[in-house]
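Undergrad: how does the following fold in three dimensions:
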Amino acid sequence: MADEDRSPENDRDENSKMIHKFPDIPVHVDAPHPPKVEVNLPPHPKVKAAGEDSRQMGKMAIASTAASSFVSPIIILSVVGWWLDQKLKTGPWMAFGGVVLGFVVGVMQLLRITSKLNE
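TA: A predicted model of the protein is given here:
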């Protein structure tokens, strides 16, 4: 209902009251200019190219898997051979075969990893 009572004349009256309530902002012609600051920064530090670090980190990651990729097949296949010996009651032959096969697989994995490092 208050909006219905408003008219353009009432708006002008309110605006003129507000204008008289606050003083005019003085214009300063003699205002000083802001100071000019010269920035002397040190030279930017030399950063290695992103490709160098990522290649080096990639090679380190590959090299860190070398030991586990050699030992893991030996352990896993010898345990599988031992388990087969227990199930089939064949003595230590399956476990021995698992160790030999694990050694062969481990050496193949180690050769694959070293060839990746030499690329």
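
Undergrad: going forward, measure contacts between C-alpha atoms and count neighbours the same way
TA: Fine.

Undergrad: could you count how many residues lie near I74?
TA: A count of nearby residues for I74, using other CA atoms under 10 Å, gives 21.

Undergrad: check which helix or strand it maps to.
TA: helix 66-88 (DSSP states H and E).

Undergrad: tell me which other helices or strands that helix touches.
TA: Packing contacts for helix 66-88, counted by 3 or more CA pairs under 8 Å, 6 or more residues apart in numbering; DSSP states H and E, involve helix 93-117.

Undergrad: which helices and strands does the helix it packs on pack with?
TA: helix 50-64, helix 66-88.

Undergrad: in stretch 100-118, which residues are buried?
TA: With burial defined by 16 or more other CA atoms under 10 Å, the residues of stretch 100-118 counted as buried are V100, L101, G102, F103, V105, G106, V107, Q109, L110, I113.

Undergrad: out of those residues, flag the one nearest to I76.
TA: Closest to I76 out of those is G102 (7.5 Å), distances taken as CA to CA.

Undergrad: how far away is the closest residue in space to that closest one that isn't next to it in sequence from P34?
TA: The shortest distance from G102 to any non-neighbouring residue, by CA to CA, 6 or more residues apart in numbering, is to I74 (3.8 Å). Distance, I74 to P34, using CA to CA, to the nearest Å: 77 Å.

Undergrad: where does the prediction get shaky in this structure?
TA: Under the criterion pLDDT under 70, the flagged ranges of the chain are 1-6, 8, 23, 47-53.

Undergrad: separation between P26 and S68?
TA: Taking CA to CA, one finds P26 at 80 Å from S68.

Undergrad: which one of these two has more residues nearby?
TA: Ranked by neighbour count (other CA under 10 Å), P26 and S68 place S68 first, with 13 against 6.
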